[in-house]
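**Student:** Could you work out the structure for the sequence below:
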Amino acid sequence: MIKDDTKQAITFLAWLTAIIIVLYFLLLAIFYKASKPERSQVQEINSLALSKTPIKHIEKNYHLNRGINSYALKGQAKKQSYYFIYLPGSKKAYLFSANKGVSEHVVRNKFSGKRANYSIIKVNLGWYKKQAVWEVTAKDHANRYTYQLYEFKNGKLLG
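**Tutor:** Residues are numbered from 1 along each chain as shown. A predicted model of the protein is given here:
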């Protein structure tokens, strides 16, 4: 026969396990709901680009908020690559032929060439001061972050 103390311990552990499982799923639901606006905007820009531009296949999505919230994507149309930037606040959109600007790869190489002690975390395409820009987010070995902006059209470092 199981002792009373053992029964209490098993009951306690069962309740503790149940509470932890409920909290886990509750946190998942909160994170899912919190990220819904972002997913919604990405779906909206993808739909907009596919229906209103020559883009037929989306390769990558970007998001940048530098005072102006902007969503961007890189897409393909037959043999041509395009970048599409959408500003949800003003409902303005911009379509750029990839050969009229620099690519993410070029910006990564420019940054790495000048800041070898930093590792790139992310590169985003977006809108800043009335122009398309690439933002490079990187950090060094001491976990200090740096952000660099490059003009989309020519790859020049801003500021």
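**Student:** Quick one: residues contacting residue 157.
**Tutor:** Contacts for residue 157 (Cβ atoms under 8 Å, 6 or more residues apart in numbering) come out as 110, 148-150. All C-beta atoms are positioned from the backbone trio N, CA, C, and that covers glycine.
**Student:** now for the residues you listed, which pair is the farthest apart?
**Tutor:** 110 and 149 (11.7 Å; Cβ to Cβ).
**Student:** For the protein, which helix or strand comes out least confident on mean pLDDT?
**Tutor:** Across the helices and strands of the chain, mean pLDDT, DSSP states H and E gives its lowest value to helix 36-52, namely a mean of 80.
**Student:** ranges for the strands of this structure?
**Tutor:** Along the chain, counting by DSSP state E, strands occupy 57-65, 69-77, 80-87, 92-97, 119-128, 131-139, 145-151.
**Student:** Redo those strands as TSV? Include mean neighbour count.
**Tutor:** Listed next are those as TSV, based on neighbours: other Cβ atoms under 10 Å:
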stretch	mean neighbour count
strand 57-65	16
strand 69-77	21
strand 80-87	20
strand 92-97	15
strand 119-128	18
strand 131-139	19
strand 145-151	16
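**Student:** Nothing else from me, thank you.
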